[in-house]
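*Asks:* fold the following for me, if possible:
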Amino acid sequence: MEAAIFEMNKYSLEDQTAEMSFFYQLKIKPILSFTIGQNISFWVVLSYMIFEYIRPHQMYPAIDVIPWGITILAAGVLSALFNGRFLRVKNQANLFLNIFFIIILLSSLSALSPATSFENLKMPLALILAYYIITGVVDSEKRLFVFICLYLLINLKLSQFVFRGWISRGMEYDGYAAYAGFAWLRNPGELAVQMCIAFAIGLCFVFGIWNQLHWIKRLFLLLFPLMAFGSVIACGSRGSYLALGTVILLLWLVSKRKIIGMILLVGLLFSFSFIISDRDKQRLTNMGKETDVTAQTRIERWEKGLKMASMHPLLGVGYANWGVADQKYFNDTGELSHNIFIECMSELGYVGLSVFILLIVSTVRNNLETMRISKLLQNAFLFNFEI
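*Replies:* Here you go, the predicted structure:
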């Protein structure tokens, strides 16, 4: 993101606005022409997004002939190195990310079960490589625009599947809750978190280019946040309900049209009580009470995590060793903690938790700085996107 902002400084504000006008108006031909003309590094980034979220090789076994994820990441690293774009972005968040990964390695070496840690290291390694490839390659506003468009289209595909299924069942659940795609998106809670993120990004994307669009395109773009919103409700996760409410409240706080925003906010809250299922109404009413089995179970797991951290304060019980520690110290089933901060503290110790929090803080600072610069440049798209 920061690279995209500073790329703008190479041109005058008028030239940059003229170049981006076709993008803001969602003119398909110039956007496709630009995308097709990009080098292999950018196409690797787009391919990674498709294979990471949609997993076409799992949908169509005929093409599942190579390890697509590893292959795409390897191609991304090689192409980024060849073009001099790998590790080219200097940022404080990168420093904390690198330190965090080193802590994961040290924690794995001192883990209760080092074998378990090293078996699971491919996930954080793959995510870090993807991060550096994306931040090195998506280095202009045009590339960022195309990248976000693809991200929103992918999430629209996933969310409309969940939303349509939920509507067709009369706003009831299929089994426990909704899911979509493969891998982590088959977990309703994680899918709900993803849809909360897609809702926020989709809505800010709409705000950023709203004044540039024909009314038909405006209606189409509203499908992004609408489908994501419905998917969150369909997932039935109380945590995601709170996250969704927080996103809407924060958007209202930064809005300049607070009266209209308040009317919409009240309308959403009023309609929410009618569209959620009876099961969720009961779960929300009982939230935190002794009859709330789910909450009591998670509180018990959080208490276990605190005890694990007190027994292993420096580097924790070891990366991906929550289940091992749960069985060893509590003779339990080895379930997850269901809280990212507790999990980080218990598995990576107080050192890992501290660096993780610093990583979050530095990311927020990046966004605030990007907002400041984009406001000076009068760039509504980047400003709204960073809200």
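*Asks:* farthest residue from the center of this structure?
*Replies:* Residue farthest from the centre of the chain, counting by Cα atoms, centre = their mean, is Asn331 at 34.0 Å.
*Asks:* distance check, that one against Ala325.
*Replies:* According to Cβ to Cβ, to the nearest Å, Asn331 and Ala325 sit 11 Å apart. For every residue, glycine as well, the C-beta is placed using N, CA and C.
*Asks:* cool, Phe163 as well?
*Replies:* From Phe163 across to Ala325, the span is 39 Å (Cβ to Cβ).
*Asks:* distance from the chain centre to stretch 156-170, please.
*Replies:* Stretch 156-170 has its C-alpha centroid displaced from the chain centroid by 20 Å (Cα atoms, centre = their mean, to the nearest Å).
*Asks:* typo on my end, stretch 88-97
*Replies:* Relative to where its chain is centred, stretch 88-97 has its mean C-alpha point 19 Å off (Cα atoms, centre = their mean).
*Asks:* for it, measure first residue to last.
*Replies:* End-to-end distance for stretch 88-97: 15 Å, by Cα to Cα, to the nearest Å.
*Asks:* any buried residues in that stretch, and which?
*Replies:* 89, 91, 93-94, 96-97 (16 or more other Cβ atoms under 10 Å).
*Asks:* ok, now stretch 335-349?
*Replies:* For stretch 335-349, a neighbour-count test (16+ other Cβ under 10 Å) marks 337, 339, 342-349 as buried.
*Asks:* among the buried residues of stretch 88-97, which one lies nearest to Ala309?
*Replies:* Closest approach between the buried residues of stretch 88-97 and Ala309, by Cβ to Cβ: Phe96, at 20.0 Å.
*Asks:* tell me the SS of the closest one?
*Replies:* State at Phe96, reduced to three classes by DSSP: H, G, I helix; E, B strand; the rest coil: helix.
*Asks:* quick check, it in contact with Leu358.
*Replies:* Yes: counting by Cβ atoms under 8 Å, Phe96 touches Leu358, with 5.0 Å between them.
*Asks:* on that earlier part again, among the buried residues of stretch 88-97, which one sits closest to Pro67?
*Replies:* Leu97 (24.6 Å).
*Asks:* how far away is the residue farthest from the centre of the chain from Val65?
*Replies:* Distance from Asn331 to Val65, by Cβ to Cβ: 44 Å.
*Asks:* tell me the contacts of Leu314?
*Replies:* Contacts of Leu314 were listed using Cβ atoms under 8 Å, 6 or more residues apart in numbering, and they are 349-351.
*Asks:* where does it land in three-state SS?
*Replies:* The three-state assignment at Leu314 reads coil, by three-state DSSP.
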